[in-house]
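> Show me how the following folds:
(3 chains)
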Amino acid sequence: MATAVKKSEMTAEEIWTVQPGERRSVGVIHIVILALLIGIGFVVGAFGSISFPLGFGVNFFWTGIAVQQVGAIWFGGWGVLAGAIFPFFSNAIAGTPFYVSLAYVPANAVQAFLPAWAFRKFKADPRLKSGRDYLILFIAMVVSSAFGALWSPLVVLRGFGLLTTESVPLFIWGWFGGNVIAGIVFNFILLKALSAVVIRTPAFVKRWWS
Amino acid sequence: MNKTLLGYVPKESPIYEVHPFVKLFFLLVVSLFPLFVAAPEWNFGLLVFLLLLMFLCRIDMRTLRIYVPVAISMGSIILLSYTVLGGRHAEFQVVANVFGFPIYWERLRDALVVYFRILPMIATMVFFLSTSRERDVIVAMRSIKMPFVVTYVFAMALRSAGMVLEDFHIVRQAEQARGFDTTGKSLAYKIRKYVMYMIPLFALSLRRAEEFTNALVARGYSFTGKAAKIKRADYVLTHYSYKIHDYILILLITAAFGVLLYLSLGLGFFELDKSQFIQWLHQILS
Amino acid sequence: MEPIIQIVNYSWKYPDSENPALNGVNLQIMPGEFVGIIGPNGAGKTTLALSMNGLIPGQYHGIKQGEVFVLGKEVEEYPKGELQMHVGMVFSDPEAQFTAMTVEDELVFGLENLGLSRNDIKERLEWVVQLTDLQRLLNKPPYEISGGQKQRVALAAVLAMKPQVMVLDEPTSMLDPLSRKRIFQVLRQLRETQQHTIIMIEHSLENLTPLTDRMILLSEGNVVLHADTRSFFQDPTLVERGVYPSEVIQYFHQIKKRGWYEDEIPITLDEAIEVQEKLLASLKVFNDRKGL
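Numbering: from 1, shown residues only, chains lettered A, B, ... in the order given. Got it, this is the predicted structure:
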């Protein structure tokens, strides 16, 4: 296991860099994290889907975005996997048809992946220590939600014939706004409150899988 | 009724005699039926069939009430999306004017088609959730030889969802004991409260990850290495065996799908121009 | 006879702590022994328990010095998943040990990890269910059973794997007195009928003392007292060291301190009653002689 490095003094660069002599490997904890994130997302996402529905799993205020994006920032590929999978279940509970939920998976995967990628690529501090960190998070949230908003109403709902061309913009803005606003409310607070603890745990993922 | 994480299931039901794989197969195949049927009366018939099935399986129909608002809001959204927000089309036939918005026959028809497609798809999912205990879903997954790690992650996810719900109730009760209550409060207040629940729930779940991991490792489970390659006995499957009626049901579902495909794609039997209901409605509105 | 667990100059320091959790610990545990480990909070008991079944250093960051041998092999030399076949562990929080959706699935999980056949699993399941009285709970989901029942299930799940060593880390700390008693009843049965080596961390000395062969007192990462159970409780400085033995033992230490009693301190209630009867009998004889 890793030798002691005082994480409280770590810079953002150090947080994301595997130190010389540090051994990291995929373990049972990552499978557990994957399951736990799916479980939390299932509950939190279902709450959002039931409380603020627009239709077909699109919500005005989707609380599940926090689990998707914060989970992926902390736990890399495991968070991305969880972020892609749990909405399928939370949408199912909220009454979204099976194949529609399945078709949303790419959108949810990208929404989880982009912030995780941005933080690792640009070495942003998950503890949100500077304005740069906030900006990277915000831009990642906006771009990923934009992709999701374009994929889901355009490709999925229009593809299934569930919407007319003219009504697609409403759903695009609904998906986009529902994710970005909920993300602004939850993501910053969660990262600020818990990142310092999470980065010290063996579950924290520096690369993509360990 | 028994409460599971997926919903309420009856204590006793003839559906429990059916192998869980058959229920999963039913969900996957029957969910596809409406996609090949445009005529609303046929999809409505499928919906009625599913409701009848739920009744025969002793599902408490009152628990279906939670899906009524979903059905209504979805119907309203579809109607709005296709009519008021459907744009202006000179080539379509206007059947009404609502607050200056023309309501076209073609859009109304399309909205009905979509709505009656969605309803049985939702009903199929509801039927599955209302007759499947958590173990049934896991057995169904193992029956189709899904890798153990996938089914176990699913089982753990269900377990952790249950724990998150328990934690949420405990935190909420503690807050209420201190005089906090969101009843009657503004949306902004509720959202702020919700944020305050999320942090301890996340923190508790992260602590549990460590404890769960220790418990799994202590029982000899490993995700990598030689231990991960051990052939598992799948003991849970010993409680479930395929009976003759399971094979019959699988055959029936497959045959029904085959016939549907033939009638729909081969003969165009379920197209709108053959729909009695659409023709009748068009006559009335014209 | 070779020790089943041998700990040699072992120290463990967690990354964010100033002092090591365990400091130069030396211990030998022989096969078939029932060893009790006690000490105040933060003494390093759980760290010691986790070190015996490879969870430390396997699942934790930290700095390790010294060695821990289980069945003659250092814990880090065991391939993943193998050590835990020999050393089973029960944790203090019953909630955190359930990862399956029914009690039966929980009991069977470890057996499937061993690669046992369905027949072998059935046999072991029947044995352990009978031993721990879990027949009525097999199909129940974990969220429907009490804390005491969960802990019995956790114990059964480890027992079913028939490990040579069982480490129990405060398994009764979150239980009510009745549930605690049931757990100790199972352990008593195990002690009498099986050949396990059992290492138990416990605060309830009343229940622990009658079962153990040896006791170890840990404090601030060091072993401060280590003896067979009877000798352990003869030490008059136990209370000063933060050990609160059963009131029976405390009583006899007090009367010994006052010079009213000179013999060995009885360590169980039954022994104490026997001693007390003898004392009263000799007092009666004395009084009769004196005409009192």
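> buried stuff in stretch C:30-37?
For stretch C:30-37, burial by neighbour count (16 or more other CB atoms under 10 Å in any protein chain shown) applies to C:33, C:34, C:35, C:36, C:37. For the C-beta atoms, the positions are set from N, CA and C on the backbone; glycine is no exception.
> just stretch B:82-102 next, same as before
B:82, B:83, B:84, B:85, B:86, B:92, B:93, B:95, B:102.
> so residue C:159 makes contact with residue C:130?
No - the pair residue C:159 / residue C:130 is not scored as a contact, 11.3 Å apart, by CB atoms under 8 Å.
> Give me the domain ranges for chain C.
As assigned by automatic domain parsing, chain C contains the domains C:5-245, C:246-292.
> Quick check on the residue in chain A sticking out farthest from the centre: phi, psi?
Distance from the C-alpha centroid of chain A, by CA atoms, centre = their mean, peaks at residue A:21 (30.5 Å). Backbone torsions of residue A:21, given as degrees, to the nearest 10, read phi 90, psi -10.
> ok so, going back, can you list which of the buried residues of stretch C:30-37 are found in strands?
C:34, C:35, C:36, C:37 (DSSP state E).
> of all the residues you listed, which comes closest to chain B?
Lowest distance from chain B to those (CB to the nearest CB) belongs to residue C:37, with 17.4 Å.
> how many other residues sit next to residue B:52?
Using other CB atoms under 10 Å in any protein chain shown, residue B:52 has 10 neighbouring residues.
> pretty sure residue C:22 contacts residue C:14?
No - with contact defined as CB under 8 Å, residue C:22 and residue C:14 do not form a contacting pair (10.2 Å).
> So which of those two has more stuff around it?
residue C:22 (25 against 17).
> So in terms of bridging, what pairs with the more buried one?
residue C:12 (DSSP bridges).
> what sits against it?
Counting by CB atoms under 8 Å, 6 or more residues apart in numbering or on different chains, residue C:22 makes contact with C:10, C:11, C:12, C:44, C:47, C:48, C:51, C:221.
> what ranges do the strands span in chain A?
For chain A, the strands defined by DSSP E cover A:53-55, A:58-59.
> Next up, phi/psi of residue 62, please.
Using chain A. Here residue A:62 shows phi and psi, under degrees, to the nearest 10, equal to phi -100, psi 110.
> Could you check how many residues crowd around it?
When neighbours are counted by other CB under 10 Å, residue A:62 registers 33.
> Could you verify my assumption that it touches residue A:45?
Yes - using CB under 8 Å, residue A:62 is in contact with residue A:45, at 7.1 Å.
> Looking at the contacts of residue C:22, which are in helices?
Taking DSSP state H, the ones among those that sit in helices are C:47, C:48, C:51.
> What ranges does the chain have for its helices?
No chain specified, so I'll use chain A. Taking DSSP H as the test, the helices found in chain A are A:12-16, A:28-51, A:64-93, A:98-103, A:105-121, A:131-150, A:158-159, A:168-198.
> Please refer instead to chain B.
B:20-30, B:40-56, B:68-82, B:105-131, B:134-143, B:148-177, B:187-218, B:244-261, B:276-285.
> Below-threshold pLDDT in the stretch 101-250 of chain B: ranges please.
Where the stretch 101-250 of chain B drops to pLDDT under 70, the residues are B:180-184.
> Of all residues in it, which one is closest to chain A?
Taking CB to the nearest CB, the stretch 101-250 of chain B has residue B:160 as its residue nearest chain A, at 3.1 Å.
> Quick check: pLDDT value at the closest residue to residue A:126 other than its chain neighbours.
Nearest residue to residue A:126 in three dimensions, chain neighbours excluded: residue A:195, at 4.1 Å (CB to CB, 6 or more residues apart in numbering or on different chains). pLDDT for residue A:195: 94.
> Ok, the one 5 residues further on next?
Reported pLDDT at residue A:200 in the predicted model: 86.
> That one and residue C:17 touch, don't they?
No - using CB under 8 Å, residue A:200 makes no contact with residue C:17, being 11.8 Å away.
> And these two? Which one has more around it.
Relative neighbour count places residue A:200 above the other of residue A:200 and residue C:17, with 18 against 12, counting by other CB under 10 Å.
> Show the contacting residues for residue B:82.
By CB under 8 Å, 6+ apart, the contact set of residue B:82 is A:164, A:167, B:107, B:108, B:110, B:111, B:114.
> rewinding a little: taking the helices of chain A together, which one is wrapped up most tightly?
Comparing the helices of chain A by mean neighbour count (mean count of other CB atoms under 10 Å in any protein chain shown), helix A:64-93 comes out on top with a mean of 27.
> Quick one: work out the angle between that helix and helix B:148-177.
Angle, helix A:64-93 to helix B:148-177, by axes from the mean of the first three to the mean of the last three CA atoms, to 10 degrees: 110 degrees.
> What's the separation between residue C:272 and residue C:252?
Distance of residue C:272 to residue C:252, computed by CB to CB, to the nearest Å: 7 Å.
> Spit out the residues that contact the two alike.
By CB under 8 Å, 6+ apart, the residues touching both residue C:272 and residue C:252 are residue C:266.
> So which of the domains of chain C is the most surrounded?
The highest mean neighbour count among the domains of chain C, using mean count of other CB under 10 Å, belongs to domain C:5-245: a mean of 19.
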